[in-house]
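Asks: sequence and computational prediction follow.
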Amino acid sequence: MSLKLYFAPGACSFVPHSLLETAGAEFEPVLVKLHKGEQNEAAFRAVNPRGQVPVLVDGGETITQIAAIVNYLDAKFPEQQFLPREPLARARVLETLAWMNNTVHPTFTHVFMPFKFAGTPEAQEELKAFNARVYAGLLGEIDALARRAADAGRPWLGGERLGPLDVYALTLLRWGGFAQIDPTGYPALWAHVQKVAQQPGVARAIERERLQLNLYKA
């Protein structure tokens, strides 16, 4: 089996995990337990020196970073059309994917792991609270994307086919529960995420990772 995906349950690696399952690909899923620090162990650092998931290995080639992996899977499984073929539509999807990955995702990292960015407990608590508020606003932007797609009659955020934006949106909204954000407060996005979760490939990834969508606790 030439394809191998290194993933962590609930992490952004859920995006390529779901795309591989959607494509019906034969691949070896390799679990990396971030909470046990396996990303820092020599065995994993030999695969990705940056100690991050996801990592896609295809034969002798290793690919990291969401955008690169999504592009690769789109080219490897063209029949799935994970990315639109029309140039402008494709650019718009990549534009939003990059924003999710370089803005929304790091904002959550400041909530979930403030110790990476501040040395004192007081500063960490301030970072966590501030970025939780920012994150809530960013989820509002994704909710607006879902609402516009629904109003335009588009079944998916990127167009006519399930793609990386849909699965990343599920991941980002799910993370909101860790920031004490109720996902049902974003009705268009919450409805969309539930539809995404029901797709067979996504459902298989959810089952393997043992995820629940709503982590909010009042």
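Replies: Sure, I can see it. Because the structure is predicted, anything quoted here is derived from the model rather than measured.
Asks: can you verify my assumption that Val134 contacts Pro106?
Replies: No - contact between Val134 and Pro106 fails when scored by CB atoms under 8 Å: they sit 10.4 Å apart. Just so you know, the C-beta spots here come from the backbone N, C-alpha and C atoms, and that holds for glycine as well.
Asks: ok, those two, which is more surrounded?
Replies: Neighbours around Val134 and Pro106, counted as other CB atoms under 10 Å, are more numerous at Val134. The numbers are 16 against 11.
Asks: which residues touch Pro54?
Replies: Shown in contact with Pro54 (CB atoms under 8 Å, 6 or more residues apart in numbering): Leu5, Tyr6, Phe7, Ala11, Cys12, Ser13, Val15, Pro16, His17, Thr64, Ile66, Ile69.
Asks: recalculate using a threshold of 7 Å.
Replies: Pro54 makes contact with Leu5, Tyr6, Phe7, Cys12, Ser13, Pro16, Ile66, Ile69, according to CB atoms under 7 Å, 6 or more residues apart in numbering.
Asks: which elements pack onto the helix or strand the first one falls within?
Replies: So that's Leu5. Using DSSP states H and E, Leu5 maps to strand 3-7. Helices and strands in packing contact with strand 3-7 are listed as helix 14-22, strand 28-31, strand 55-58; criterion 3 or more CB pairs under 7 Å, 6 or more residues apart in numbering; DSSP states H and E.
Asks: which is the next helix or strand following the longest helix seen in the chain?
Replies: Secondary structure of the chain per DSSP state H: the longest helix is helix 121-151. Per DSSP H and E, the first helix or strand lying C-terminal to helix 121-151 is helix 164-175.
Asks: what packs against that following helix?
Replies: Judged by 3+ CB pairs under 7 Å, 6+ apart, helix 164-175 is in contact with helix 14-22, helix 87-99, helix 121-151, helix 187-197.
Asks: checking Gly119 next. Helix, strand or coil?
Replies: When classified by DSSP: H, G, I helix; E, B strand; the rest coil, Gly119 comes out as coil.
Asks: remind me which residues of this structure are low pLDDT?
Replies: Regions of the chain meeting the criterion pLDDT under 70 cover residues 1.
Asks: follow-up on the earlier one: for the strand holding Leu5, what is the distance to the chain centroid?
Replies: How far strand 3-7 lies from its chain's middle: 15 Å, per CA atoms, centre = their mean, to the nearest Å.
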